[in-house]
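Q: Here's a sequence, model it:
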Amino acid sequence: MNLSIDQAKSLLDELLAQPRNINENQWVVFGVPFPYLTMALDKIKGRKNFAIAAQNCYSKKSGAYTGEVSAEMLKSIGVTQVILGHSERREYFSETNAMLADKLNLALEYELTPIFCCGEPLSIREAETQNGYVEQQLRESLFHLSPEQLLKIVIAYEPIWAIGTGRTASSAQAQEMHAHLRSVLAGQYGQALADQISILYGGSVKAGNAVELFGCPDVDGGLVGGASLQAAEFSAIIGGLK
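A: Predicted coordinates:
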């Protein structure tokens, strides 16, 4: 929840003005607030491998849910991706794994690519129970899906304990959890399918650590937070993709 419309336009203009080569298998996705979706869609029109994501959608198809936004609404304006289960949504708005399963179903029904977030808070990390905690998030929100549906989902791992706390997650810790997530998927759906799922890292990704993080075998990209508000920083992170 940042920036005025003029500031958002300027940021996108500056980002899009940077010369860069995006490989066929890479995407740059801007997750913007609801009021700016149509503006952002216009900005990327005609650009290959750029997309716009909404930051959320509701768990019901339609109805008397004042203030909410449906998957159908997002689809109707041309949005192609939606972030679901972000740690802030879970923490501040009490979103549950069951609610997120409903959101995933609707996103897929309306042909939106869900970017499904999972991750553990500090208390879980300190208790060293993070693997089981995150596995439960996957099982309760994703494992009702068919293999074909799962292939349409992007997963983003957020070590909540390392975001804005002054604590830092190492690239080794990121790789360890990403490998665990992939093994959980493999146990349910098979290794071949698990290897096709993109798993992004969302723990304070910066220009200074992007190359190292993206070099990890099971880290397929980043879910960028505060650094995405700085054009030079965000451009450098995009440049770290290989």
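
Q: so who does the residue most central in space within the chain touch?
A: Nearest residue to the geometric centre of the chain (C-alpha atoms, centre = their mean): residue 115, 4.2 Å. By C-beta atoms under 8 Å, 6 or more residues apart in numbering, the contact set of residue 115 is 29, 31, 53, 81, 82, 83, 84, 154, 155, 156, 200, 223. Every C-beta, even on glycine, is put in place using the N, C-alpha and C of the backbone.

Q: Give the bridge partners for it, please.
A: Here residue 115 sits in beta bridges with residue 83, residue 154, going by DSSP bridges.

Q: How much space separates it from residue 233?
A: 20 Å (C-beta to C-beta, to the nearest Å).

Q: how about low-confidence regions in this protein?
A: By pLDDT under 70, the low-scoring segments of the chain are 166, 242.

Q: which residues in it form helices?
A: Taking DSSP state H to define them, one finds helices in the chain at 5-17, 37-44, 71-77, 87-93, 97-109, 122-126, 130-142, 147-150, 171-189, 191-194, 207-214, 231-239.

Q: want to throw those into CSV with distance to residue 65?
A: As requested, these are exported to CSV (distance: least, C-beta to C-beta, whole Å):
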stretch, distance to residue 65
helix 5-17, 25
helix 37-44, 18
helix 71-77, 11
helix 87-93, 13
helix 97-109, 12
helix 122-126, 31
helix 130-142, 20
helix 147-150, 24
helix 171-189, 31
helix 191-194, 34
helix 207-214, 37
helix 231-239, 33
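
Q: Of those, which is nearest residue 163?
A: helix 87-93 (7.2 Å; C-beta to C-beta).

Q: Contacts only, for residue 77.
A: 37, 38, 41.

Q: Also residue 194?
A: Contacts of residue 194 (C-beta under 8 Å, 6+ apart): 182, 183, 185, 186.

Q: Residue 180 versus that one, what's the distance?
A: 11 Å.

Q: now swap in residue 8 and tell me
A: For residue 8 relative to residue 180 (C-beta to C-beta), the value is 36 Å.

Q: So these two - more neighbours on which side?
A: residue 8 (20 against 17; other C-beta atoms under 10 Å).

Q: Hmm, residue 32 and the more buried one touching each other?
A: Yes. Using C-beta atoms under 8 Å, residue 8 is in contact with residue 32, at 6.7 Å.

Q: okay, and the common contacts of these two?
A: Common neighbours of residue 8 and residue 32 (C-beta under 8 Å, 6+ apart) are residue 40.

Q: if we can go back for a sec, most surrounded residue in the contacts of residue 194?
A: If you rank the contacts of residue 194 by neighbour count (other C-beta under 10 Å), residue 185 sits at the top with 23 neighbours.

Q: OK, contacts around that one?
A: By C-beta under 8 Å, 6+ apart, the neighbours of residue 185 are 138, 150, 193, 194, 197.

Q: What subset of these is buried?
A: Taking 16 or more other C-beta atoms under 10 Å as the criterion, what is buried in the contacts of residue 185 is 138, 150, 194, 197.

Q: how about the residue lying closest to the first one once chain neighbours are set aside, what does it touch?
A: Read it as residue 138. Sequence neighbours aside, residue 184 is the residue nearest to residue 138 in space, at 5.6 Å (criterion: C-beta to C-beta, 6 or more residues apart in numbering). With contact taken as C-beta under 8 Å, 6+ apart, residue 184 is in contact with 134, 135, 138, 139.
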